[in-house]
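[1] Kindly return the folded structure for what I paste below:
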Amino acid sequence: MGEHSPRVEDDSWPVLADRLAAMARDLLAQESVQDTVDRISAHAVALIDGCDAAGILTLRRRTVRTIAATDDVVRASDAAQGELREGPCFDVVTLEGSVQHIPDLREAGDSWPAYAPRAVELGLRSAMGFRLFDRHNTLGALNVYSFAPNAFSPQDEHVGWLLASHAAVAFAHARTEDQLQTALRSRDEIGQAIGIVRERFDLGQDQAFAVLKRTSQDLNVKLREIAEKIVRGEELPR
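    Residues are numbered from 1 along each chain as shown. I've put the predicted structure just below:
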């Protein structure tokens, strides 16, 4: 299907809207990227009818990585998709389109001839994959599974898409915050390391920074890691 699933009118939509709003506030209140993606997976199981397990995978340099999972079967499914280079969630992050919905994996052999039988062996029968993306990047895929065939209705698919849209915003926000905090910590540690090298070797600031930079290059180790070692009291390699 395309970017938007058809809206299904139902008396439960006001309740769902309230639950999605509560989810969005909960996700933005998390203190780390890991906490955020763990909560996204948990909310998927709670909010999508028929969902038995959920998780998030990422694809970096052709390597599939499970960063959150409510059940080990999710990790096994992700590993199979990474190994076989096919599957609903793998396709969501590598091909066009934001949603994959497979009513019965026993009947999905034409689409994923290697993955579908493996998924059935794991006990999975229904699956949905939702691409998590912001303006600039595909962040990963939200994977939703059921142990029963034909478990997800069009409304469930739409709920999943709405959940994934909220989740992508929270995921991107958490990742940006984490990168900012890492950069600030690195800057502070590098500043402390420069001060230590200046005092230890009676050098000027530019000279001390040059020592750190040269050590980083010689050892093929990131400057931040060299700074961490010095701040911890370790000697500079000679």
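
[2] in the lowest-mean-pLDDT helix or strand in the chain, what counts as buried?
    In the chain, the helix or strand scored least confidently by mean pLDDT, DSSP states H and E is helix 223-231, which has a mean of 80. For helix 223-231, a neighbour-count test (16 or more other C-beta atoms under 10 Å) marks 223, 224, 226, 227, 228, 229, 230, 231 as buried. To be clear about C-beta, it is placed using only N, CA and C from the backbone, and glycine gets the same treatment.

[3] Turn those into a markdown table, columns for distance to residue 198.
    Shown next, in a markdown table, are the buried residues of helix 223-231 (distance: C-beta to C-beta, whole Å):
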| residue | distance to residue 198 |
| --- | --- |
| 223 | 16 |
| 224 | 18 |
| 226 | 15 |
| 227 | 13 |
| 228 | 17 |
| 229 | 16 |
| 230 | 11 |
| 231 | 14 |
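
[4] any idea which of these is closest to residue 129?
    Closest approach to residue 129 among the buried residues of helix 223-231 (C-beta to C-beta): residue 224, at 35.3 Å.

[5] Counting neighbours, what do you get for the closest residue to that closest one other than its chain neighbours?
    Counting by C-beta to C-beta, 6 or more residues apart in numbering, residue 186 is the residue found nearest to residue 224 once chain neighbours are left out, at 4.3 Å. By the criterion of other C-beta atoms under 10 Å, residue 186 has 16 neighbours.

[6] could you point out which element follows the helix or strand in which residue 186 is found?
    Residue 186 belongs to helix 154-201 when assigned by DSSP states H and E. Tracing the chain past helix 154-201, the next element assigned as helix or strand by DSSP H and E is helix 205-219.
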